[in-house]
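**Q** Below: sequence and its predicted model.
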Amino acid sequence: MDSDSKPGFIERLTSLLLREPEDREQLLEILHSAYERNLMDADALTIIEGALAASDTRVTDVMIPRAQMDVVDIDDPMTEILPFVIEAAHSRFPVVNGDRDNVLGILLAKDLLRTHVEESFDLRDWLRPAVFIPESKRLNVLLREFRVSRNHMAIVVNEYGGVAGLVTIEDVLEQIVGDIEDEYDFDEAHDNIRLDSAGRYRVKARTEIEDFNAAFSTSFSDEEFDTVGGLVLRHLGRVPKRNETLEIDGMRFQVLRADSRRLYTLLVDPPKPKPAAGQDALA
């Protein structure tokens, strides 16, 4: 058969879809069948599955919780705000007035460049309106609203009107296409383990067990898995959810970034120093 007469990707996929699936499970079976027949690659299948799952995922499942929000207080002096923004390395920050429930607006980090050319810079003049959404909102709806409004961040509120957390367009897209890293994300091998301002360690899931053991003086085996992510997945037997915590051999892990398919980043508490010989007996 001449190569020009072979059916293309769209024709072959359409042929499969003509089976008219009756529910989502049958649709996924057809899509997996298309993948097994090399009609689509693994990335395409993952994105389609993520898009389908977005309609069943609530904002509360992917948001950054209130306690972990990096916020700027409107009354803080600029000498404190600038170093904080540089260290946090976000592009947007909620600005509050004393309490995290009192969000005044959103600060774009790039607007702080004006402090170098405007002597009378007033932070209040450069706040963008904050968008508030309920915890129950579905991700597919939120993504559509982000696209229409061109907002990149929303403040999540609970049923009592209090701030429960925040969600960004990146958080939503990562549920569909997987991890998205920008120029501010650390990705060099030597930077897989990083100490944050709170005294905890941010560890990439792909960090090799050997490197983790060297950094924390632990002795996890790398016979069954090569990475810290593999260690956590093996311990739980499933992909953990964001903010889920677990303890393995005395080390406390908290999931910082994860989606329905993959684990990306963990927060690790520094190991407690072992008491010197005889110290317990003297206590």
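**A** Structure's in. What do you need?
**Q** and Val96, how many neighbours?
**A** 20 (other CB atoms under 10 Å). Where C-beta positions appear, they are placed from N, C-alpha and C, glycine not excepted.
**Q** ok, the residue nearest to it when sequence neighbours are not counted - contacts?
**A** Closest residue in space to Val96, ignoring its immediate chain neighbours: Val71 at 5.1 Å, by CB to CB, 6 or more residues apart in numbering. Residues near Val71 by CB atoms under 8 Å, 6 or more residues apart in numbering: Phe93, Pro94, Val95, Val96, Arg100.
**Q** ok, now which ones touch the third one?
**A** Listed by CB under 8 Å, 6+ apart, the contact partners of Val95 are Val71, Val72, Asp73, Ile74, Val103, Leu104, Gly105, Ile106, Leu107, Leu123, Leu127.
**Q** remind me which residues of the stretch 151-283 of the chain are low pLDDT?
**A** Scanning the stretch 151-283 of the chain for pLDDT under 70 picks out the ranges 178-190, 197-198, 259-261, 271-283.
**Q** quick one: the helices in it?
**A** Ranges of helices in the stretch 151-283 of the chain, per DSSP state H, counting those that start in this stretch, are 169-177, 209-216, 228-236, 279-282.
**Q** Give me the PyMOL select line for the contacts of Val95, limited to the buried ones.
**A** Entered in PyMOL, the line below selects the buried ones among the contacts of Val95, by 16 or more other CB atoms under 10 Å:
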select buried, resi 71+72+73+74+103+104+105+106+107+123+127
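**Q** Among the contacts of Val95, which has the minimum pLDDT value?
**A** Lowest in pLDDT among those is Leu123, which has 90.
**Q** how about that residue, what does it touch?
**A** Leu123 touches Val72, Ile74, Met78, Ile81, Val95, Leu107, counting by CB under 8 Å, 6+ apart.
**Q** cool, Asn158 as well?
**A** Contact analysis of Asn158 by CB under 8 Å, 6+ apart lists Pro134, Glu135, Ala164.
**Q** Kindly recompute the last result at 6 Å.
**A** If you count contacts by CB atoms under 6 Å, 6 or more residues apart in numbering, Asn158 has them with Glu135, Ala164.
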